[in-house]
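Undergrad: no sequence for this one, just the structure:
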């Protein structure tokens, strides 16, 4: 499941990151686990707009705010490129 990396990150949460960010990500993880079964309609591309996803969208929005997403997203392509480069260099 795509949400499992959140749990791993929370287990090894870096101590130099803000406690409010940890709380925001924990709220995302909790909302993921509380999604009702009927919210998962894998054949429905509009499933994320269903009412069952409202809480998750709300807490995810707060987590993005904690990450300063408005500024961070300007550099996302660069960061992803750097991370991929580091990942592939470690494997090589």
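TA: Everything's here; your move. Nothing here was measured: the structure is a model prediction, and the numbers come from that model.

Undergrad: List the neighbours of stretch 68-76 that are in contact with it.
TA: The contact list for stretch 68-76 (CB atoms under 8 Å, 6 or more residues apart in numbering) reads residue 79. For glycine as for every other residue, the C-beta is placed from the backbone atoms N, C-alpha and C.

Undergrad: Report the distance from that stretch to the chain centre.
TA: Distance, stretch centre to chain centre, for stretch 68-76: 14 Å (CA atoms, centre = their mean, to the nearest Å).

Undergrad: For this structure, give me the ranges with low pLDDT.
TA: Within the chain, the stretches with pLDDT under 70 are 1-4, 90-92.

Undergrad: try it again with 90
TA: Per-residue confidence for the chain (pLDDT under 90) gives these ranges: 1-17, 32-53, 67, 69-73, 75-76, 79-80, 82-92.

Undergrad: Which helix or which strand is home to residue 35?
TA: Assigned by DSSP states H and E, residue 35 belongs to no helix or strand.

Undergrad: where does residue 14 fall, helix, sheet strand or coil?
TA: coil (DSSP: H, G, I helix; E, B strand; the rest coil).

Undergrad: For it, grab phi and psi.
TA: Main-chain dihedrals, residue 14, degrees, to the nearest 10: phi -60, psi 130.

Undergrad: how much space is there between it and residue 45?
TA: Distance of residue 14 to residue 45, given as CB to CB, to the nearest Å: 35 Å.

Undergrad: Quick one: residues contacting residue 77.
TA: Shown in contact with residue 77 (CB under 8 Å, 6+ apart): no residues.

Undergrad: would you list every one of the helices in the chain?
TA: 4-11, 19-33, 54-66, 69-72, 76-91 (DSSP state H).
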